[in-house]
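1. Give me a 3D structure for the following:
(one chain, ligands or ions: 1)
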Amino acid sequence: MKTTEQKTDQGSQETMPQKFSVLLEKEQLIFSAAHFITFAGNICESIHGHNYRVRCEVTGELDENGYVVDFIALRDALEAIVRQLDHKVLLAAQSSRIEIQEQGDEVIATFEQRRWVFPRDNCMLLPIANTTAELIAKFIVDQLMELGDPRIDNAINEIALGVDENEGQWGTYRTPWRSGA
Ligand SMILES: [Zn+2]
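-> Residues are numbered from 1 along each chain as shown. Here you go, the predicted structure:
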């Protein structure tokens, strides 16, 4: 906290603030899921799966321990979010093209003449418009912010979270950090 105050003092503009970041790309942050996206208006993919990989880089100032954030706290928080997606059918609940209905123990997805029926507990309905890697990345960051873990909230200034859906096809969401709750 003291270093933050010093850096915002007048006259500090002459020296560039030091930036540090940590990067997490762990086996615990791999998940397997099914999805299908819509694109170019009226095209809808067939359902298929990916072994998704998550990579997270956060930027902040060094604390009294000399690190940006507790690696383990960040890893565990991300892992808990990622586990919710593992072995699920990812559905975009805010899609304007695919209609999602929850009926009892089932979820029914409809796109024009096509219809998919899934057991409810096999699905993860995400508050996004399409299940692209970029928007899945945003979902994970939003969840991390909502978690409100002070070890993370107090440490991070910026986050860049990437989701790889196919061995080197990354979608990334990058944003200044603002804690949710
Ligand atoms: Zn895909």
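
2. so is the spatially most central residue of the chain in a helix, a strand, or just coil?
-> Geometric centre of the chain, nearest residue: Ile140, 2.2 Å, by Cα atoms, centre = their mean. What DSSP: H, G, I helix; E, B strand; the rest coil gives for Ile140 is helix.

3. Equivalent analysis for the one 3 residues further on, please.
-> Using three-state DSSP as the criterion, the local structure at Gln143 reads helix.

4. need the contact list for it.
-> Ile81 (Cβ atoms under 8 Å, 6 or more residues apart in numbering). Where you see a C-beta, it was placed from the backbone N, CA and C, and this is true even at glycine.

5. If I look at it, what pLDDT would I see?
-> On pLDDT, Gln143 comes in at 97.

6. Outside of the top strand by length along the chain itself, list whatever touches it.
-> As assigned by DSSP state E, the longest strand anywhere in the chain is strand 48-60. Strand 48-60 is contacted from outside by 19-25, 29-36, 68-69, 74, 78, 82, 85, 133, 136-137, 140, 155-166, 170, 177, using Cβ under 8 Å, 6+ apart.

7. Now which of these would you call buried?
-> 22, 24, 29, 31, 33-36, 68-69, 74, 78, 82, 85, 133, 136-137, 140, 155-157, 159-165, 177 (16 or more other Cβ atoms under 10 Å).

8. What are the boundaries of the helices in the chain?
-> 2-8, 71-83, 133-147, 150-153 (DSSP state H).

9. My read is that the residue nearest to the centre of the chain contacts Leu78, right?
-> Yes: the pair Ile140 / Leu78 is scored as a contact, 7.1 Å apart, by Cβ atoms under 8 Å.

10. how about stretch 134-149 as CSV, C-alpha atoms only?
-> What follows is stretch 134-149, C-alpha atoms only, in CSV (Å, rounded to 0.1, in the frame of the first residue of the first chain):
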residue,chain,number,x,y,z
GLU,A,134,-12.5,-15.4,-26.1
LEU,A,135,-15.9,-15.4,-24.4
ILE,A,136,-15.1,-18.5,-22.3
ALA,A,137,-12.0,-16.6,-21.2
LYS,A,138,-14.1,-13.6,-20.2
PHE,A,139,-16.5,-15.9,-18.3
ILE,A,140,-13.5,-17.3,-16.3
VAL,A,141,-12.2,-13.8,-15.5
ASP,A,142,-15.7,-12.6,-14.4
GLN,A,143,-16.0,-15.6,-12.1
LEU,A,144,-12.6,-14.9,-10.6
MET,A,145,-13.6,-11.3,-9.9
GLU,A,146,-16.9,-12.3,-8.4
LEU,A,147,-15.0,-14.7,-6.1
GLY,A,148,-13.6,-11.7,-4.2
ASP,A,149,-10.6,-13.5,-2.7
